[in-house]
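> sequence first, predicted model second:
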Amino acid sequence: MDKMTEEQYRAISNMLRKRSLWMLHYCTGCGAMELPPTMTSRYDMERFGIVPYVTPRQADILLVTGYVNIKTLRRIVTVYEQMLDPKYVIGFGSCPINGGVYWDSYSVIKRLDKYIPVDLYIAGCMPRPEAIITAFRYLMDLIDKGKADGYKRYKENLEFYKANQRKVLG
Amino acid sequence: MNMSLGILLATPFVGGILAYLGGKIHRWVRYTFAILFSVLTFCELFFYYGVESANLTWGKLFGSLLVLRLNHLSWLFAFIVTGISMLVVIFSVNDMEEHKGLDFYYLELLFVEGAMLGIVLAGDLITFFMFWEMMSWTSYILVIQNGEMSIKAGYKYIIMSIIGAYSMLVSLGMVFGEAHSLVFSNVSKALAKSSPGFVIAFFILFGIGLLVKAAIMPLHTWLPDAHSEAPSPVSPLLSGVLIKMGAYGLFILFYGLLSVQLLGKLMPTVLSVPLILYIIQWLAAISIVLATFLAILQEDAKRLLAYSSISQIGYVVLGIAAGTSLGIAGGLFHALNHAIFKSLLFFTIGAVIYRTGTRNMSELGGLIKKMPITFTGALIGIVALSGVPPLNGFVSKWMIYEALLQKKEVFLLIFAFVGSTGAFLYLYRFIHSVFLGSLPKKYENVREVPFLMQIPIWILSILAILFGVFPGIAMNVISKAESFFGITPVKYDLYGFPQGSGMGALKVVNISSVLIIAFIIVLVFFYMLPRSKRVSQYDTYAAGQIVTPETKYNYSYGFYMSFGRVVDPIFKWSADKLYTAWSRALKVSGDYMRRVYTGNLETYSSYIVVILTIVAFVILLGGRLW
Amino acid sequence: MVIKEILMAVGIPLLAFSIGIVLMMFKRKIIARIQRRYGPNFVQPLIDIFKLLSKKGNITHGVMYDLGPIIALAASIVVVFFIPIPGMKLMTGSADIIALLYIMVIGSLAMALGAGESANPNSSIGIARALTLMLGYDLPFVIVIITLVLKYHTTNLYVITQMQASSGWAMWFLPLSAIAGIIVTYGALGEHPFDVAVAPHEVATGPMAEYGGKHLGLLMINHAFHIYIELALFVDLFMGGASNIFYFFAKMFVIFVLLIFFDEVLPRFRVDDAVRFYWRWPTILALLGLIIVLVK
C-alpha cells in the first residue's frame, strides 16, 4: 500500500516537476549567444515552463554553454554545489563533449563528465534554438522515466569527482 | 503621609552620598549602595499609586512657599524616572568597570535621578527651577566622562541649557512681580487675570527653556553630540528620561499654569487650537520629518539613535499640544513608550560597544550568531519604535493620528506619517548593520554580555510587549492624570479602545492572537516540508566566486546613499551652522572690544581724562545730558 | 457556531490565495500574448509552487533566515482578515485603516530581516532600495487615505464600502485621488516602472537572492496574497467593494489588467528617480484631491 502510493506520488511529482524547470542564466561561454533567441517570442521557451532565473539557489538546470577553461571549471563546480537538489546539467555545444574546436589546447578540459555529472549533451557549434528545445523536451522525458539522476550520481561518487577536480584545479 | 514625600525625594541623594563614601572602602559596597537606593526609590513610589494628591511645604523663599506635590501625572513621570534610573545603575555595574573616578560617577548618577524626581514633584516654580538647573549640571558632568569628544559635546549641551534656563528665570521674575508667589495655583490665578501680551511673553520665555531640553528644532543641535558621545549607560538616561522633563514642563505650562480656554480667549484659534499651540505643533512636525531624514543618513549607531530621539519627542510634543483628550493621552503614552524602547535600544548598543569596542556601523555585522539575547532585545525595540502592532509604539502613535484626524489637521498628519515610515528605514539599517549581514573575522570571539547587563534588556522587552497588548494598564494612570487637570479622559478598556472614543476602534489583542495562530499554522506547514541543512555564511551567491573570510562581502557603508541624493538639497541649511556662525560673530566682536584694553599706561590715563571731562561737562550743564 | 468560525478562518485565506493565484496566471498569459507568443501553461504558477515546495536539498543560514518567509506569510494571512470582502465584515471592528497600514508593514519587516540574515550584499542592496521606494510611495498613499477618511467621516473600511454602495463609487467623485492611488499600487506591488527592488539583472533579485526551495515557495505564496491585498484594498477604497464575490473579482481583474498594460511597456526607474517622481506628480494630484475635499 505504501509502496504503491509512493510510486504514484513520484509519478505525479515528476509530471509536475518536469513542466516547471528553471534555468540558471549563467553564461559560461560563447554558446550563450543562442539563449536569447530561445527565450524570446520566436522560439518561445516559456511555454514549456522554462524561465531564466539568476541565482543558483533558485534554479534547477545548469547550462554549461561552450568551452570550459580551468578557471571557469572552478566556478562551475562552486555553482553546481550551490544549487539545490534535484538539479540537472546540460552540456551545450561540442566543447563539453570532447573539446570541440579546442581539442589540443592546454587550458580547456576535454570531457566535462569527469568533473560534474552531466545528464544530457547537445551537439553542434552552436546548436540552433530548435535543437535546444528538442533537448529540453528530451530532458523532460528523462525526468518522467526517472533516469535524470545526475545529482544522485554526484553524491554517490563524490570521491571520484573530487579526485578529478583536484587533479586539474590544484 | 505628609513627611513621606520628603523621604521619597531625599532617598536618591542620600544613596548617592553613601555610594560615594562606600566606594572608598570597597567597590562592592559602592555597587550595593547604588543599586539598593535606586531600587528603594522605585519601590517607595508604589506606595503612592492611586493617591490623588499629596502636598508638603518645605520652606519659604522671598515670601513664596516652596511646595512638593504628587498627583497622577507626577506619578507617571516619576515611574519613568525611577524605573529607568534603576536599570541604568544595574547596567553600569558591569559596563563602567575600567573607568576612573567611579565613586563620583555613581554620586552624579543618583543625583541626576534625585534632581529629576524633584522636578516632577515640584509644586511651585522655584523648586521646579532649582531642580531643573541641578539636573542640567549633574547630567553635564556625566556626559563629559567619555574622553575628549565628549568634552566638546558637553560644552555645547551646557551652554544651550543655560541659555534656556536664563530665559526661564526671566519669566519667573515677570510672574513673581505679578503674583507675588510662585506656587502653581497662585500663578495660574494671576495669569488668568493678566493682559494677553504678558501671557504670551511669559509663555515664550518659559517655553524656550523647556523646548531646549525637549530638543525641538531649531533648538536641537546639542542633542546628537551629547547623546552619542556620552558613556554607554548614560545615554539611555539622557535620551529616555531627560528629554521627557521638557515634555512634562510643556504639559504643566499648557494645562497647569495656563489652559486651553484661557489661550483661546487671548489669541486667534486655528481649527479650534490656539495659535501658539498650533505653531508649536508645526515645529514638532518639522522636527519629526527632518530628524528622521537626518537619522537615515547616519553612519554612527548612537548618533542615529540620538536623531531618532529628536523625532520621537516631536511626536510627544505634537500630541500634547493638540489640546484634545485623545491627543494629550497619546502624547503622554508615547512619552512612556519612548522611554521604554529608546532605553532598550541604547542598552543593546551599549552591550555591543562593551564587547566589540566600536560603534561605527560599517565595521560591525553578523553579531546575531554571537549575541542572540542582545539581538532579541534590539528586535523588540525596533518593532516597538516603528509602531508595528502588537507592541507598544503602535498604540500611542495610533492615538496621536486619530486625534489629529478628529481635528482635521491633515498636513500635520501627513508629516507624522512620513516620519513614521522613515523611522522604519533607519531602524532597519541599525539592526542590519550591527546584527545581520556577515560577521567580520576580528569579532569571531565575541561572547554574550554578562547577566547583570542583560537584566535591563529583559525587563524593558517584557514591558514593551505588555503595554502593547494590554494598553489599558497604562491608560489607567494616564486618564486619571488627564481628569485631574480638567480634561475629559479618553474611554478605554483593557484591550484597546471601543467604538466612540476616537474615530475608529482598536482591539490589539485580536490582532496579536490572529498573528500568533497564523504563525503557528505556517510554522507547522513549513516543518512538514523536506528538511534543510545549515550552510556557513561564506557559501553564498557571488556568481561563482569563492568567498573567503578576508573578502569584505557585505553592504554596509552608505546604505541609503541613493536616498541621500534625494534629500540633499534640503540640508544645505542647518541650525548648527547658524549657531556656530553666531558664536563666531560674538567672538569676533568680543575681539574688537578687547582692543580697548591695550595695557598701555598712557592710553588708560587718556581714557580717564576724557571721561572726567565728559562728567565735568555734564555737571556743568546741570546734571542732565539732554 | 465554532464550526462556522473555523470554516471562515480557513476559507478566507484560501479564497484570497486562489484569487491571487488566478490573477498571477492571467498575468503571465496576458504578458505573453502582448509579446506575440504563446505563454506558459495556464496553471503554471501552481506547478512552480509545487516544484519549489518539493525540493529536497534545502539550505538554511540560521534561525532568522527561516523565520523571515514564515512570518511574512503569517502576516499576509493576518492582513487578509482585516479587509472586508462582499457580504462579510470580517475583523474590521478591531482595526481600522490606520492600523491596517501598520499591520501591512509586519510582513516586509520580517522579510527584510530574513534577507539580511542571508549575508549576501545583493539582498541588502535590494532591501535598501525597497525601503527607500516604500518611503517614496507612502507620501501620496497617506494623502489619498486621509482624503477618503475626511470624505466619509470614518476610518472603518467596512463603513466606507457600505457608504459607497449607496452613494456611488469614490472613483467618480475623487478622480485625482484615484489616479494617485493607482500609481501607488504600482509601487506597492513591485510592478515594472518601480520594480527596482527585485531587479533580476541588477541585484540578483534583491532580497530573494539566497532563497531557494521551500523558502522561495513560501515567498511565491506570499506574493499571491500580496497581490490580493493590494488590489482588494484599492477596490474597497475606491470602487465600493461589491455585492457578491464575482463582481469583486471582476473589478480586481479590470484594475489588474490596466496595471499589466503599463507594466509591460515601461522600463525601470532608478530608485532616487522613483522617489523624486513619487514626491512630485502623484503627491501633487493627491494634494489637489485633498484640498477639494477640504474646501467642499
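Arrived safely. The shown structure was predicted, so the numbers you read here are calculated from the model rather than taken from an experiment.
> from what I can see residue B:459 touches residue B:87, true?
Yes. Contact criterion Cβ atoms under 8 Å: residue B:459 and residue B:87 qualify, at 6.5 Å. In this view, the C-beta of every residue, glycine as well, is placed from N, C-alpha and C.
> and the two? Which one has more around it.
Neighbour count, other Cβ atoms under 10 Å in any protein chain shown: between residue B:459 and residue B:87, residue B:87 has more, with 24 against 17.
> residue contacts, that one?
Residue B:87 makes contact with B:236, B:343, B:347, B:455, B:456, B:459, B:460 under the criterion Cβ atoms under 8 Å, 6 or more residues apart in numbering or on different chains.
> ok, and the closest non-adjacent residue to the closest residue to chain C within the stretch 301-450 of chain B?
Closest residue of the stretch 301-450 of chain B to chain C, Cβ to the nearest Cβ: residue B:436 (3.4 Å). Nearest non-adjacent residue to residue B:436, counting by Cβ to Cβ, 6 or more residues apart in numbering or on different chains: residue C:116, 3.4 Å away.
> quick one: contacts for residue 17?
If you meant another chain, say so; for now it's chain A. A:86, A:143, C:50, C:51, C:54.
> nope, chain B please
Listed by Cβ under 8 Å, 6+ apart, the contact partners of residue B:17 are residue B:107.
> does the residue nearest to the spatial centre of chain A lie in a helix or a strand, and which?
Among the residues of chain A, residue A:89 comes closest to the average C-alpha position under Cα atoms, centre = their mean, at 1.8 Å. Following DSSP states H and E, one finds residue A:89 within strand A:88-92.
> okay, now the sheet partners of that strand, with direction.
In the sheet, strand A:88-92 lines up against strand A:61-65 (parallel), strand A:120-122 (parallel) (DSSP bridges).
> want to throw the ones you listed into TSV with mean neighbour count and mean pLDDT?
Listed next are the strands paired with strand A:88-92 as TSV, based on neighbours: other Cβ atoms under 10 Å in any protein chain shown; pLDDT from 0 to 100:
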stretch	mean neighbour count	mean pLDDT
strand A:61-65	24	89
strand A:120-122	20	89
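> residues from chain C in reach of chain A?
When proximity is defined by Cβ under 8 Å from any Cβ of the partner chain, chain C lies next to chain A at C:28, C:32, C:35-41, C:44, C:47-48, C:50-51, C:54-59, C:200-201, C:204-205, C:208-213, C:216.
> let's see it at 6 Å
Within chain C, the positions near chain A by Cβ under 6 Å from any Cβ of the partner chain are C:35-38, C:40, C:44, C:47-48, C:50-51, C:54-57, C:200, C:204-205, C:209-210, C:212-213, C:216.
> the residue of the stretch 301-450 of chain B closest to chain C belongs to a strand?
No. Counting by DSSP: H, G, I helix; E, B strand; the rest coil, residue B:436 is not part of a strand but coil.
> and residue B:300, backbone torsions?
Reported as degrees, to the nearest 10, the phi and psi values for residue B:300 are phi -100, psi 130.
> and what of the one 10 residues further on?
Phi and psi for residue B:310, reported as degrees, to the nearest 10, are phi -60, psi -40.
> do the same with residue B:26
phi -160, psi 150.
> all strands of the stretch 201-350 of chain B, in order?
Under the criterion DSSP state E, counting those that start in this stretch, the stretch 201-350 of chain B contains strands at B:269-270, B:273-274.
> is the helix or strand residue A:163 falls within in proximity to chain C?
Take DSSP H and E as the rule and residue A:163 turns out to sit in helix A:158-169. No. Helix A:158-169 is not in contact with chain C by Cβ under 6 Å from any Cβ; minimum separation 14.0 Å.
> pull out the buried positions in that helix.
Under the neighbour-count criterion of 16 or more other Cβ atoms under 10 Å in any protein chain shown, helix A:158-169 has A:161, A:164, A:165 buried.
> chain B: which of these is nearest?
When the buried residues of helix A:158-169 are compared for distance to chain B (Cβ to the nearest Cβ), residue A:165 wins out at 13.3 Å.
> thought that closest one was touching residue A:115?
Yes. The criterion here is Cβ atoms under 6 Å, and residue A:165 meets it with residue A:115 at 5.4 Å.
> quick one on the thing from earlier: narrow the residues of chain C next to chain A to just the buried residues.
The neighbour-count test (16+ other Cβ under 10 Å) marks C:37, C:40, C:44, C:47-48, C:50-51, C:54-55, C:57, C:200, C:204-205, C:209-210, C:212-213, C:216 as buried among these.
> against chain B, which of those residues make the cut? List them.
Near chain B, by the rule Cβ under 6 Å from any Cβ, you find C:209, C:210 out of these.
> and the helix or strand hosting residue B:520, anywhere near chain C?
In this assignment (DSSP H and E), residue B:520 forms part of helix B:508-528. Yes. Helix B:508-528 comes into contact with chain C (Cβ under 6 Å from any Cβ), by way of B:510, B:511, B:514, B:515, B:518, B:519, B:522, B:523, B:526.
> which residues touch the second one?
Meaning residue B:511. For residue B:511, the contact set (Cβ atoms under 6 Å, 6 or more residues apart in numbering or on different chains) comprises B:389, B:390, C:95.
> go through the residues of chain C next to chain A and flag which are in strands.
Under the assignment DSSP state E, the residues of chain C next to chain A contribute nothing to strands.
> among those residues, which ones are in helices?
Among the residues of chain C next to chain A, DSSP state H puts C:44, C:47, C:48, C:50, C:51, C:216 in helices.
> contacts for the helix or strand hosting residue B:28, please.
Per DSSP H and E: residue B:28 is located in helix B:27-45. Helix B:27-45 is contacted by residues B:8, B:11-12, B:15, B:18-19, B:22-23, B:78, B:82-83, B:85-86, B:89, B:93, B:106 when judged by Cβ under 6 Å, 6+ apart.
> if any of those are buried, give me the PyMOL selection for them.
With 16+ other Cβ under 10 Å as the burial test, the buried ones among those are selected in PyMOL as follows:
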select buried, chain B and resi 8+11+12+15+18+19+22+23+78+82+83+85+86+89+93+106
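> in the contacts of helix B:27-45, find the pair that's most separated.
Farthest-apart pair in these is B:23 and B:78; separation 26.8 Å (Cβ to Cβ).
> strands of the stretch 1-150 of chain B, start to end?
B:54-61, B:64-70.
> coming back round to it: confidence-wise, which of the contacts of helix B:27-45 comes last?
Lowest-confidence member of these: residue B:23, scoring 79 (pLDDT).
> that residue contacts residue B:103, correct?
Yes. Residue B:23 is within contact range of residue B:103, at 3.6 Å (criterion: Cβ under 6 Å).
> what's the neighbour count on residue 9?
Answering for chain A, as no chain was given. Each residue near residue A:9 was counted by other Cβ under 10 Å, and the total is 11.
> could you do chain C instead?
For residue C:9, the neighbour count with other Cβ under 10 Å is 15.
> ok, now residue B:531?
10.
> circling back: the helix holding residue B:28 vs strand B:64-70, what angle?
90 degrees (axes from the mean of the first three to the mean of the last three Cα atoms, to 10 degrees).
> got a winner among the contacts of residue B:511 for most neighbours?
Counting neighbours by other Cβ under 10 Å, residue C:95 leads these with 30 neighbours.
> how much space separates it from chain B?
To chain B, residue C:95 is 6 Å away according to Cβ to the nearest Cβ, to the nearest Å.
> quick check: chain neighbours aside, which residue is closest to that residue?
That would be residue C:82: by Cβ to Cβ, 6+ apart, it lies 5.2 Å from residue C:95.
> what's the burial count for the one you found?
By other Cβ under 10 Å, the residues close to residue C:82 number 24.
> got a list of what it touches?
Per Cβ under 6 Å, 6+ apart, neighbours of residue C:82: C:91, C:95, C:100.
> closest one of these to residue A:139?
Here the nearest of the contacts of residue C:82 to residue A:139, counting by Cβ to Cβ, is residue C:100; it sits at 46.7 Å.
> nearest residue to that closest one in space, please, no chain neighbours.
Spatial nearest neighbour of residue C:100, excluding adjacent residues (Cβ to Cβ, 6+ apart): residue C:82 at 5.4 Å.
> what residues are up against the nearest residue to residue B:333 once chain neighbours are set aside?
Closest residue in space to residue B:333, ignoring its immediate chain neighbours: residue B:396 at 4.1 Å, by Cβ to Cβ, 6+ apart. Counting by Cβ under 6 Å, 6+ apart, residue B:396 touches B:330, B:333, B:334, B:337.
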